[in-house]
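Q: Here's my sequence, what's the structure:
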Amino acid sequence: MLIKVYGSAVFGIEATTIVVEVNIDKGIGYHLVGLPDNAIKESNYRIAAALQNNGYRIPGKKITINMAPADLRKEGSAYDLTLAIGILAASDQIRSENIDKYLIMGELSLDGSLQPIKGALPIAIKAKEEGFEGFILPKENANEAAVVDGLKVYGVENIREVIDFFDANVPLEQTHVDTRQEFYEHLHLPEFDFADVKGQESIKRCMEIAAAGGHNIILIGPPGAGKTMLAKRLPSILPPMTLHEALETTKIHSVVGKVKNKGLMSQRPFRNPHHTISSAALVGGGSYPQPGEISLSHNGVLFLDELPEFERRVLEVMRQPMEDREVTIARAQFTVTYPSSFMLVASMNPSPGGYFNDPDAPVTSSPAEMQRYLGKISGPLLDRIDIHIEVTPVPFDKLSEERKGESSVVIRKRVEAAREIQTQRFKDVEGIHYNAQMGTKHIRKFCKLNESSKNLLKDAMQRLNLSARAYDRILKVSRTIADLEQSEDVVENHISEAIQYRSLDREGWLG
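A: Residues are numbered from 1 along each chain as shown. Next up, the predicted model:
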């Protein structure tokens, strides 16, 4: 008897429906075809034990299972439940009239209980698109899949529940999630708050400008100056995610199995990889390409602490994704594309010893050591970082103050107002949503300077030995400063403030 059961495979952040055809005939043997990987090939042992421990068995006949489309590589253990239900239905151990209405996925334990799977959200989206009535999956993934409206999602703990559902019409408990209510409930709950930061008013101002314009930023300062503390608080002042952004971000995290019971992500991601990370882990890759850290930080912040300690080759592979805001990973048989629109926040010590131009420093570095240290960061990478700011240690009188600083909620309101101005400015420009994304053509159009502003910028570039790459960056940051002040024109004080934020372009840093 031939039975068709439906599962799904995830490539990139999109799912493809897999038809599992189970045919039982005279003879003996178990044949699994359709490019399964080793985890799927081993499934017959898990299925046999799970069925036996629940009062069923794999029939002693010739079983042929095809996973169509047969030329598409399938991977992972999430097809265990699909295969098991197909075998039971094809051998007439359970009724099968409604099986084709449901998409079924789950990894089996030997006692028949179900383990969570990866990619539940993109699979649920695909199931709804293709008109399936429901999606049966492990209970731990139910909230994640139930984000999709118009699809019945059933979270189950054991294969016995699925068998009884099809064979004895025992209803399964449907998982309901009010997507909008859950999303908006957790939207304004930042984990970290700028109110906890003592002093550092100029750096907070910098972070506000970076958040308002979506600018990449690098913090340069000695150990203990507060660089990491400030970076961790940046997501708290970014505009809240839209429902579309939340869905897109959750899909990426779902693919790597980082969502489970959380449902829809409502906070912008903050990723902080260690400096020993490989290029494949940073941008994505592997035999079966998975999203890297730059994709997991999509619509959020990627924080690279101690930037010069990262391998130069690893940092260089970020250059194109930072520009294109997506990363494409090509393999011989297929190509996947992951979105990677993130804000880069980097931090570094000013020298190998951690201190620079400090006569009382416990460790000093020679000019040659400093040049070698700073030379690990390439010009093209720095070219994509708009704001360079020096962070100095907080004096004792500021640290001991009882008074709290300005809260993230207050700062975020100003950021949101500036972003709204940019939304209106770029509403007719495809692919640009905030100032940091502007190209040369748009800079000339939206960052026009009067004569005195031009002279100020020209004088600053000559006196401070600013590089040519700094010119466009200063104009973009100036535009954001003007937006924060609700100013239609970019004027002298906006230019002068933006000039301060190009530390690494000055002579004495990178030459």
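Q: contacts, neighbours, all on C-alpha from now
A: Noted.
Q: you'd agree N158 is up against L114?
A: Yes. With contacts defined as CA atoms under 8 Å, N158 counts as touching L114 at a distance of 5.6 Å.
Q: per-residue pLDDT, the closest residue to G199 other than its chain neighbours?
A: Distances taken as CA to CA, 6 or more residues apart in numbering put K398 closest to G199, at 5.6 Å, once the chain neighbours are dropped. pLDDT, K398: 70.
Q: what's the following helix or strand after the helix or strand K398 falls within?
A: Using DSSP states H and E, K398 sits within helix 396-399. Downstream of helix 396-399, the first helix or strand assigned by DSSP H and E is helix 408-425.
Q: If you count neighbours, what's buried in that following helix?
A: Residues of helix 408-425 classed as buried: 408-409, 411-412, 414-423 (neighbour count, 16 or more other CA atoms under 10 Å).
Q: Put the alpha carbons of that helix into PDB.
A: In PDB, the C-alpha atoms belonging to helix 408-425 read as follows (Å, rounded to 0.1, in the frame of the first residue of the first chain):
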ATOM      1  CA  SER A 408      16.800  54.700  27.600                       C
ATOM      2  CA  VAL A 409      13.100  55.400  27.200                       C
ATOM      3  CA  VAL A 410      13.700  59.100  27.000                       C
ATOM      4  CA  ILE A 411      16.600  58.800  24.500                       C
ATOM      5  CA  ARG A 412      14.600  56.300  22.400                       C
ATOM      6  CA  LYS A 413      11.800  58.900  21.900                       C
ATOM      7  CA  ARG A 414      14.300  61.300  20.300                       C
ATOM      8  CA  VAL A 415      15.700  58.500  18.200                       C
ATOM      9  CA  GLU A 416      12.300  57.500  17.000                       C
ATOM     10  CA  ALA A 417      11.500  61.100  16.100                       C
ATOM     11  CA  ALA A 418      14.700  61.300  14.000                       C
ATOM     12  CA  ARG A 419      14.000  58.000  12.300                       C
ATOM     13  CA  GLU A 420      10.500  59.200  11.400                       C
ATOM     14  CA  ILE A 421      12.000  62.200   9.600                       C
ATOM     15  CA  GLN A 422      14.300  59.800   7.700                       C
ATOM     16  CA  THR A 423      11.400  57.500   6.800                       C
ATOM     17  CA  GLN A 424       9.600  60.500   5.200                       C
ATOM     18  CA  ARG A 425      12.800  61.600   3.500                       C
END
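Q: Quick check: the farthest pair among the buried residues of helix 408-425?
A: Across those, no pair lies farther apart than S408 and T423, at 21.7 Å, counting by CA to CA.
Q: re earlier: which one of the buried residues of helix 408-425 is nearest to G375?
A: Closest to G375, out of all of these and judged by CA to CA, is V415, at 33.8 Å.
Q: Report the buried residues of stretch 100-109.
A: Neighbour-count burial for stretch 100-109 [16+ other CA under 10 Å]: 100, 102-109.
Q: likewise stretch 113-130?
A: 113-128.
Q: ranges for the strands of the stretch 401-511 of the chain?
A: Using DSSP state E, counting those that start in this stretch, no strands are found in the stretch 401-511 of the chain.
Q: about what we covered before: show me the buried residues of stretch 100-109 that map onto strands.
A: In this view, the buried residues of stretch 100-109 that belong to strands under DSSP state E are 102-104, 107-108.
Q: What are the boundaries of the strands in the stretch 1-150 of the chain?
A: Counting by DSSP E, counting those that start in this stretch, the strands of the stretch 1-150 of the chain are 2-11, 14-25, 29-33, 62-68, 102-104, 107-108, 114-115, 134-138.
Q: Now mean pLDDT and distance to P291 too, for those strands, in a markdown table please.
A: Shown next, in a markdown table, are these (pLDDT from 0 to 100; distance: least, CA to CA, whole Å):
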| stretch | mean pLDDT | distance to P291 |
| --- | --- | --- |
| strand 2-11 | 94 | 10 |
| strand 14-25 | 96 | 12 |
| strand 29-33 | 95 | 28 |
| strand 62-68 | 96 | 25 |
| strand 102-104 | 97 | 24 |
| strand 107-108 | 97 | 22 |
| strand 114-115 | 96 | 22 |
| strand 134-138 | 97 | 23 |
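Q: Reformat those strands as JSON lines; add distance to L315.
A: Below are the strands of the stretch 1-150 of the chain laid out as JSON lines (distance: least, CA to CA, whole Å):
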{"stretch": "strand 2-11", "distance to L315": "26"}
{"stretch": "strand 14-25", "distance to L315": "27"}
{"stretch": "strand 29-33", "distance to L315": "41"}
{"stretch": "strand 62-68", "distance to L315": "40"}
{"stretch": "strand 102-104", "distance to L315": "41"}
{"stretch": "strand 107-108", "distance to L315": "37"}
{"stretch": "strand 114-115", "distance to L315": "36"}
{"stretch": "strand 134-138", "distance to L315": "38"}
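Q: Give me the residues contacting the helix or strand that contains F303.
A: Counting by DSSP H and E, the element that carries F303 is strand 301-304. When contacts are defined by CA atoms under 8 Å, 6 or more residues apart in numbering, strand 301-304 is touched by residues 231, 234-235, 268-275, 293-294, 342-347.
Q: so where's the stretch 151-300 of the chain uncertain?
A: Counting by pLDDT under 70, the ranges of the stretch 151-300 of the chain that qualify are 186-190, 260.
Q: contacting residues around the residue nearest the centre of the chain?
A: Residue closest to the mean C-alpha point of the chain, counted by CA atoms, centre = their mean, is L296 at 2.2 Å. In this structure, L296 makes contact with 249, 252-253, 269, 271, 340, judged by CA under 8 Å, 6+ apart.
Q: rerun that using 10 Å as the cut-off
A: With contacts defined as CA atoms under 10 Å, 6 or more residues apart in numbering, L296 is in contact with 249-253, 255-256, 258, 269-271, 282-284, 302, 338-342.
Q: Also L456?
A: Per CA under 10 Å, 6+ apart, neighbours of L456: 492-493, 495-496, 499.
Q: cool, and N272?
A: 228, 231-232, 293, 297, 301-305, 345-346.
Q: Equivalent analysis for I159, please.
A: 50-51, 54, 81, 84-85, 106-109, 111-114, 138, 165.
Q: Would you mark the buried spots in whichever strand or helix holds K204?
A: Assigned by DSSP H and E, K204 falls within helix 201-213. For helix 201-213, the neighbour count (16+ other CA under 10 Å) marks 203-204, 206-213 as buried.
Q: Cool, thanks, signing off.
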